[in-house]
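Student: Pasted the sequence and its predicted model underneath.
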Amino acid sequence: ALLWLEEYATRLASGYYATTQVDSVPGDVPVMAISLIPQLSRPMRNDGPAPVVSRTVTKGIEVIAGAVYVPQCQPTFGFIYKLQIRLLLPNEEGYMSPAERGFRTCQLESRHWHFYDTDTNQGDRVDGEGVVGEFPYLFEGGYFKFKRRQEGAFSYQSCSRAMNGYFEGHMMFVPGNLQLRTGPAFPVQLGRVGLNMAPGFIY
């Protein structure tokens with residue numbers, strides 16, 4: 001029990017786990033909580049067939065993805081995963097100017113995930129419009145949500161069934177926005193994230 005607690009404290013202190021604002025009922029005071037989904041601020045751990053956190057940048061759009069095993073939620077699902085999506089700012093790694101990437105703003109159109117079970121050599125595909133019913137409209141430094149300007153990265157969480165393996169995929173974005181496209185749709189990569197049902201510690 002002491003080793004478990006020491007590891008938890010180490011993860012908090014190192015930034016492997018971080019605090020995050022939890023969505024609440026409109027009008028309520030925002031709630032801060034500790035997210036158990038790993039962050040990129042600590043060197044990635046190979047805790048299975050792929051890193052537990054991935055970062056990709058496509059045309060200046062950064063996608064950070066991570067997953068956490070939740071055995072208490074079986075058999076309904078086995079993992080919760082989180083994506084953070086943003087258009088990078090100048091001087092950040094992977095930044096491209098509007099002239100270089102070909103647009104000032106862009107909007108998500110569809111998602112295409114691939115979950116692969118290395119025990120059974122079988123996979124699941126997820127294809128759909130937007131993410132959880134939302135179509136984030138990105139600008140440098142933030143995004144629009146329900147026509148309201150938000151600062152920082154757009155993030156969302158979802159879940160998958162229990163398996164040992166990984167997930168990866170891509171999203172289709174349009175330059176401009178869905179109502180006024182300024183060019184053809186293009187893919188934005190989601191890097192591979194490991195799914196491991198036997199991690200060293202479960203929190």
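Tutor: Received it, and whenever you're ready, just let me know what you need.

Student: Report pLDDT for residue 192.
Tutor: Looking at residue 192, its pLDDT stands at 93.

Student: do the same with the one 3 residues further on
Tutor: With respect to pLDDT, residue 195 has a value of 91.

Student: What separation is there between it and residue 128?
Tutor: From residue 195 across to residue 128, the span is 20 Å (CB to CB, to the nearest Å). Where C-beta positions appear, they are placed from N, C-alpha and C, glycine not excepted.

Student: Could you check which of those two has the larger neighbour count?
Tutor: Under the neighbour definition other CB atoms under 10 Å, residue 195 and residue 128 were set side by side, and residue 195 has more, 27 against 11.

Student: Run through the bridge partners of the more buried one.
Tutor: Beta bridges link residue 195 to residue 165 when assigned by DSSP bridges.

Student: check contacts around it.
Tutor: Residue 195 is in contact with 48, 67, 69, 78, 79, 115, 160, 163, 164, 165, 166, 167, counting by CB atoms under 8 Å, 6 or more residues apart in numbering.

Student: ranges for the helices of the protein?
Tutor: Assigned helices in the chain, in chain order: 2-14, 98-101 (criterion: DSSP state H).

Student: Can you tell me who the closest residue to residue 169 other than its chain neighbours pairs with across the strands?
Tutor: Closest residue to residue 169 in three dimensions, ignoring its sequence neighbours and counting by CB to CB, 6 or more residues apart in numbering: residue 113, at 4.0 Å. Beta-bridge partners of residue 113, counted by DSSP bridges, are residue 126, residue 169.

Student: Which elements pack onto the worst-scoring helix or strand of the chain on mean pLDDT?
Tutor: The helix or strand of the chain with the poorest confidence is strand 18-22; it has a mean of 75 (mean pLDDT, DSSP states H and E). Packed against strand 18-22 by the contact rule (3 or more CB pairs under 8 Å, 6 or more residues apart in numbering; DSSP states H and E) you find strand 31-35.
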